[in-house]
Structures are given as structure tokens and as C-alpha cells.
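Q: Quick one: sequence plus predicted model below, questions after.
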Amino acid sequence: MEPIGAATQSRNITSTSSSSSPPNFSSNYNPEQGKRDLAPLLKENGGKWELIETGKGLERGFKFKTFKKTWEFMNIIAAECAVKKHHPEWSNVYNTTFIRWTTHSPSGLSEKDVIMAKYCDEQSEKCGEVENAETSAVGKELADRVATEGGDCCVPKRKEPPPAF
Ligand SMILES: C[C@H](O)[C@H](O)[C@H]1CNC2=NC(N)=NC(=O)C2=N1
């Protein structure tokens with residue numbers, strides 16, 4: 001029988017998308033300002049983030065020493081999300097998390113995305129992010145699935161009808 005972990009190991013691929021897509025800013029973000037804010041975050045300029053294929057978001061994986069540290073980091077980010085009223089598309093497996101910042105309304109890369117990406121960089125360092133770690137493609141795949149199958153925050157929730165009896 002195949003040892004547990006063999007399947008996981010075969011899926012351990014390094015970084016994915018190429019960062020050749022131009023940024024696609026949301027309509028309320030001045031593109032000149034956007035380009036200035038964004039530049040230092042991108043891999044091509046020594047940062048750690050890549051633009052997603054559509055240019056409407058930023059993404060990257062993070063790795064920490066333990067699950068506890070990873071969860072601590074995610075908690076810090078979640079608290080700031082509540083303050084900023086902005087949420088990520090993200091996933092977590094053990095000691096890794098994959099985070100994508102994109103804005104649904106108005107659609108595109110917004111100032112909040114850039115601010116949150118920068119905040120992630122600062123907080124991940126404080127949580128002892130493992131430098132230059134390879135993160136599995138599974139994190140990205142999971143975040144993709146959640147983003148597709150999860151509800152859109154911008155669509156008002158329909159109230160549940162009262163129970164029949
Ligand atoms: C009303 C509320 O502020 C909006 O639905 C917010 C919530 N969080 C959000 N998060 C993200 N990532 N994109 C949005 O467009 C967005 N909209």
C-alpha cells in the first residue's frame with residue numbers, strides 16, 4: 001500500500017502563475033497611485049506577491065513553523081479584515097496559508113487589497129514566517145474552489161423564510 005503522505009508529496013509543486021499580467025485596478029483606485037503602491041509588493045521588484053491572471057488581485061503562499069503560528073497569523077489578519085470590512089480568499093493546510101486579495105465591488109485590484117497585502121507581509125514576519133519556503137499548489141486550488149463555490153459577499157443575503165410550523 002502507498003504510504004500516507006506519498007500522494008501529498010507528489011502534489012508538492014512550487015509557485016504557480018507567472019506575474020506577467022498588468023494590474024487591473026478597481027474603478028475607485030487611481031491607477032497611477034495604484035502602480036506606486038503596488039510596485040514594492042511584487043516579486044519582480046523583490047516583493048513576495050504575484051498578480052493573478054486577470055490582474056484583479058494579488059496572491060501568495062505563506063509557511064510557518066507550526067499550525068499554531070499559522071492560525072495565530074490568520075487570526076491577526078481576520079481581525080484586521082473586520083476593521084477594514086474586507087475579506088480575503090484564503091485557505092489553510094497545516095502550517096501553510098494561501099492568501100488572495102481581490103475586490104468584488106467595484107471589481108478589480110483596490111487600495112484595500114494593497115493595504116491588506118502589505119499588512120500580511122508585516123504580520124507574517126512577526127509570526128516567524130519561514131523564509132523562501134515552497135508552498136504547495138493545493139492551497140491555491142483550495143482557495144480557488146472556495147472562491148467559486150462560496151457566496152459573494154456583495155450579493156445581499158436572502159432572508160430565510162419562516163419555518164412552516
Ligand atoms: C458591504 C461590505 O462592505 C462589502 O460587501 C465588502 C465586504 N468585503 C469585501 N471584500 C472583498 N474582498 N471585496 C469586496 O468587494 C468586499 N465588499
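A: Okay, I see it. Bear in mind that the values here come from a model prediction, so they are computed numbers and not experimental data. Numbering: from 1, shown residues only.
Q: Quick check on the nearest residue to Thr97 once chain neighbours are set aside: phi, psi?
A: What sits nearest to Thr97 in space, not counting adjacent residues and going by C-beta to C-beta, 6 or more residues apart in numbering, is Phe62, at 5.1 Å. C-beta coordinates here come from the backbone N, C-alpha and C atoms, glycine included. Note on Phe62: backbone dihedrals following degrees, to the nearest 10 are phi -130, psi 150.
Q: Provide the strand pairings for the one helix or strand Thr97 maps to, with the direction of each partner.
A: Using DSSP states H and E, Thr97 maps to strand 96-102. With DSSP bridges as the test, strand 96-102 is paired with strand 57-63 (antiparallel), strand 89-93 (antiparallel).
Q: looking at the ones you listed, which is closest to the ligand?
A: The minimum distance between the ligand and those falls on strand 89-93, with 7.5 Å, by C-beta to the nearest ligand atom.
Q: Any buried residues in the closest one, and which?
A: Buried residues in strand 89-93, counted by 16 or more other C-beta atoms under 10 Å: Glu89, Trp90, Ser91, Asn92.
Q: hmm, it touching the ligand?
A: No. Under the criterion of C-beta under 6 Å from any ligand atom, the ligand is not reached by strand 89-93; the shortest gap measures 7.5 Å.
Q: got a list of contacts for that strand?
A: 57, 70-71, 74, 97-100, 102, 136, 138-140, 142-143, 146-147 (C-beta atoms under 8 Å, 6 or more residues apart in numbering).
Q: Report the mean per-residue pLDDT for that strand.
A: Strand 89-93 shows a mean pLDDT of 97.
Q: what's the answer for stretch 48-63, then?
A: 98.
Q: same question, stretch 153-165
A: 73.
Q: Just the CA atoms of it, as CSV, please.
A: Taking Å, rounded to 0.1, in the frame of the first residue of the first chain, the C-alpha atoms of stretch 153-165 are listed here in CSV:
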residue,chain,number,x,y,z
CYS,A,153,-20.2,39.0,0.0
CYS,A,154,-21.6,41.7,-2.2
VAL,A,155,-24.8,39.9,-3.0
PRO,A,156,-27.3,40.7,-0.2
LYS,A,157,-28.3,37.6,1.7
ARG,A,158,-31.8,36.5,1.1
LYS,A,159,-33.7,36.1,4.4
GLU,A,160,-34.6,32.6,5.3
PRO,A,161,-38.4,32.1,5.1
PRO,A,162,-40.0,31.4,8.5
PRO,A,163,-40.5,27.7,9.3
ALA,A,164,-43.8,26.3,8.0
PHE,A,165,-44.8,25.2,11.5
